[in-house]
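here is a sequence with its predicted model. Questions after.
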Amino acid sequence: MLDMKFIRDHLDEVEKRLATRGGELSLAGFRALDERRRSLLTESERLKALKNSASEEIAKVKDKSQVQDKIVQMKEVSQQIKVLDDELKGVEEELSCLLMVLPNLPHPSTPQGRSEADNVVVRTWGEPRTFDFEPRPHWEIGEQLGILDFERAAKITGARFVLYKGAGARLERALVNFMLNLHTGEHDYTEVLPPFMVNRASMTATGQLPKFEEDLFRIADPDFLLIPTAEVPVTNIHRDEILKKSDLPICYTAYTPCFRREAGSYGKDTRGLIRQHQFNKVELVKFTHPGCSDAELEKLTSNAEKVLQLLELPYRVMALCTGDIGFSACRTYDLEVWLPGQNGYREISSCSSFGDFQARRAGIRFREDEKSKPEFVHTLNGSGLAVGRTVVAILENCQQADGSVLIPKALRPYMGGLERIN
RNA sequence: GGAGAGAUGGCCGAGUGGCCGAAGGCGCUCGCCUGCUAAGCGAGUAUACUGGGACAACCGGUAUCGAGGGUUCGAAUCCCUCUCUCUCCGCCA
């Protein structure tokens, strides 16, 4: 959520900066609504002050019959207040609806652009391997090795689900452990294991609601939603809290499954593990001082990169452009891993800074000094990494001519010493 | 699922219609005192919105005692609904 006062004072600038994201967007109506709100508020509060002072006088008088006309008068005032407050409530609801669907302002460092095609390569790491045979896509490798079973998963549940078996299941689990150990052991994150379903307040705080409900799976009876990323429960750990400045930055890492409807992606990535309704992810989340978020984003990104480096998987880092960053983000680096089966780079991690956008929605604050007013922290998060896609990368990059897959050295201790899946 | 109890400021805890943004204690901050430490003394210690002011200090108003509604001139206090927590029983990984 953007700061209402900031919008009020910089209406044109806000409109212009939001326009760089593309799409239709108008702040017409905001100003009128905002002014209406304040005039209603002023009048309502004036009457409340009147009522309060009159009530005080009435309280002092023993014989209420002496103040009977005042009581009658105040009854009338109460009615007026009620009318004003009803309208005010409506106006505030409209205003808040408007505010809640407004995306974050892009960071000045975010490259201008309209789409994915305008993203900027920041750096690349590793050399894509050259094959002396035609590299196969991971689903072929996985099915042939008997470690991925899409057909049975479709029977059990439906399309876009997978059943891991044997070394495949072990590989997934090994990756989770490997990543968590790395981030807790080397990168100083605190491990958390949050709920996998959350309430609406949590989804709203991080920005999934109200705008993107169609992307989420919902539980019918208690009105809970399945998390599309650990970002949601983990960021909400500190919702409505004032954090100690000396505790910042607070860094959490969490393994969770993620659930996504993938509405509107029919026909995209229909085969394989790339786009599933349920996938595992190890997430990195930070709460930082506003002055540190830029540096912390670099650090967080490098923490995610470290996973790929240790697994010896070639990748590149992309700076997403204004047209491609997410709703809540002000800047984002995507990590794209090389996939021989697709002969291209594919997103395996997305590392974003949200500035104070989520913190304002979630009410996460800190105090600069003992006496100063609370300010919003900055929140950041990134995948470290998407586990299913990491399996894809390993299967495709480490495949051998005979159909077997060499397990990256760093992972072997987590695989009970297994060197090769065949 | 059944029966009961409860939700007050950073924490504990008082408060059953007005003088309560809220006693008291703890904690914390600043100052004083004490030749270390401990104790003691004094002052301060919520947030949001809003008006004024230099969108500074500061001054004023309003709201907030789990959430929402109601009764009343007036609600932390009375009524209704909801949420959450706890205890006991049942069930269960």
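Received, thanks. What you are looking at is a predicted structure, and each value in this text was computed from that prediction instead of being measured. Numbering: from 1, shown residues only, chains lettered A, B, ... in the order given.

the longest helix seen in chain A near RNA strand B anywhere?
The single longest helix within chain A, with elements called by DSSP state H, is helix A:68-100. Yes. Using C-beta under 7 Å from any atom of the strand, a contact is recorded between helix A:68-100 and RNA strand B, made by A:I71, A:M74, A:K75, A:S78, A:K82, A:K89. The C-beta positions use only the backbone N, C-alpha and C, and glycine is treated the same way.

only whichever of these are buried, select them in PyMOL.
Applying 16 or more other C-beta atoms under 10 Å to the residues of helix A:68-100 next to RNA strand B, the buried members can be selected in PyMOL as follows:
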select buried, chain A and resi 74
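
and the longest helix of chain A, average pLDDT?
Per-residue pLDDT values across helix A:68-100 average out to 93.

buried residues in that helix?
For helix A:68-100, by 16+ other C-beta under 10 Å, it's A:M74, A:I81, A:L84, A:D85, A:L88, A:V91, A:E92, A:L95, A:L98, A:L99.

and which of the residues you listed is nearest to RNA strand B?
A:M74 (3.2 Å; C-beta to the nearest atom of the strand).

verify the stated contact: that closest one with A:N52.
No. The criterion here is C-beta atoms under 8 Å, and A:M74 misses it with A:N52 at 9.8 Å.

what's the first helix or strand after the longest helix of chain A?
Taking DSSP states H and E as the definition, the helix or strand that follows helix A:68-100 towards the C-terminus is strand A:120-125.

in its sheet, what does that next one sit against?
Strands adjacent to strand A:120-125 in the sheet, as given by DSSP bridges, are strand A:315-319 (antiparallel).

how about residues contacting the partner strand?
Residues outside strand A:315-319 that contact it (C-beta atoms under 8 Å, 6 or more residues apart in numbering): A:109-111, A:119-126, A:301, A:305, A:308, A:331-338, A:345, A:348.

list the buried ones in that strand?
Applying 16+ other C-beta under 10 Å to strand A:315-319 flags A:Y315, A:R316, A:V317, A:M318, A:A319 as buried.

who are the packing partners of the helix or strand following that strand?
Tracing the chain past strand A:315-319, the next element assigned as helix or strand by DSSP H and E is strand A:331-339. Secondary structure elements in contact with strand A:331-339, counted by 3 or more C-beta pairs under 8 Å, 6 or more residues apart in numbering; DSSP states H and E, are helix A:293-310, strand A:315-319, strand A:344-353, strand A:378-386, helix A:387-397.

let's see it at 7 Å
With contacts taken as 3 or more C-beta pairs under 7 Å, 6 or more residues apart in numbering; DSSP states H and E, strand A:331-339 sits against helix A:293-310, strand A:315-319, strand A:344-353, helix A:387-397.

return the residues of the stretch 151-300 of chain A in contact with RNA strand B.
Those residues of the stretch 151-300 of chain A that sit near RNA strand B, judged by C-beta under 7 Å from any atom of the strand, are A:P222.

leaving out chain neighbours, which residue sits closest to the residue of the stretch 251-400 of chain A found nearest RNA strand B?
Ranking the residues of the stretch 251-400 of chain A by distance to RNA strand B (C-beta to the nearest atom of the strand) places A:P374 first, at 4.7 Å. The spatial neighbour of A:P374 that comes closest, neighbours along the chain excluded (C-beta to C-beta, 6 or more residues apart in numbering), is A:R365 at 3.8 Å.

for the one you found, which residues are in contact?
Remark: with contacts taken as C-beta atoms under 7 Å, 6 or more residues apart in numbering, A:R365 is in contact with A:I242, A:L243, A:P374, A:E375, A:F376, A:V377.

next SSE downstream of the helix or strand it falls within?
Secondary structure assigned from DSSP H and E places A:R365 in strand A:364-367. Once strand A:364-367 ends, the next helix or strand along the chain (criterion: DSSP H and E) is strand A:374-376.

ok, and what's touching that next one?
Judged by C-beta under 7 Å, 6+ apart, the contacts made with strand A:374-376 from elsewhere in the structure are A:I242, A:P290, A:D356, A:A359, A:R360, A:I364, A:R365, A:F366, A:R367, A:E368.

next up, phi/psi of the second one, please.
Looking back up the chat, that one is A:P290. Comment: the main-chain dihedrals of A:P290 come out as phi -60, psi -30, following degrees, to the nearest 10.

for the record, mean pLDDT for stretch A:378-396?
The model assigns stretch A:378-396 a mean pLDDT of 97.

now the end-to-end length of that stretch.
The straight-line separation of the ends of stretch A:378-396 (C-alpha to C-alpha, to the nearest Å) is 37 Å.

off-centre distance for it?
Taking C-alpha atoms, centre = their mean, to the nearest Å, the mean C-alpha location of stretch A:378-396 is offset from the chain mean by 14 Å.

buried ones in that stretch?
Those buried within stretch A:378-396 under the rule 16+ other C-beta under 10 Å are A:378-396.

for RNA strand B, give me its nearest residue in the stretch 201-350 of chain A.
The nearest approach of the stretch 201-350 of chain A to RNA strand B comes at A:P222, 6.4 Å away (C-beta to the nearest atom of the strand).

that residue: what's it in contact with?
With contacts defined as C-beta under 7 Å, 6+ apart, A:P222 is in contact with no residue.

go again using 10 Å as the cut-off
Counting by C-beta atoms under 10 Å, 6 or more residues apart in numbering, A:P222 makes contact with A:M197, A:N199.

before we move on, what about A:P257?
Taking C-beta under 10 Å, 6+ apart, one finds A:F196, A:L226, A:I227, A:A230, A:Q276, A:Q278, A:F279, A:N280, A:K281, A:V387, A:G388 in contact with A:P257.

what strand or helix carries it?
The secondary structure element spanning A:P257 is strand A:250-259 (assigned by DSSP H and E).

so which bits of that strand are buried?
By neighbour count, with 16+ other C-beta under 10 Å as the criterion, the buried positions of strand A:250-259 are A:I250, A:C251, A:Y252, A:T253, A:A254, A:Y255, A:T256, A:C258, A:F259.
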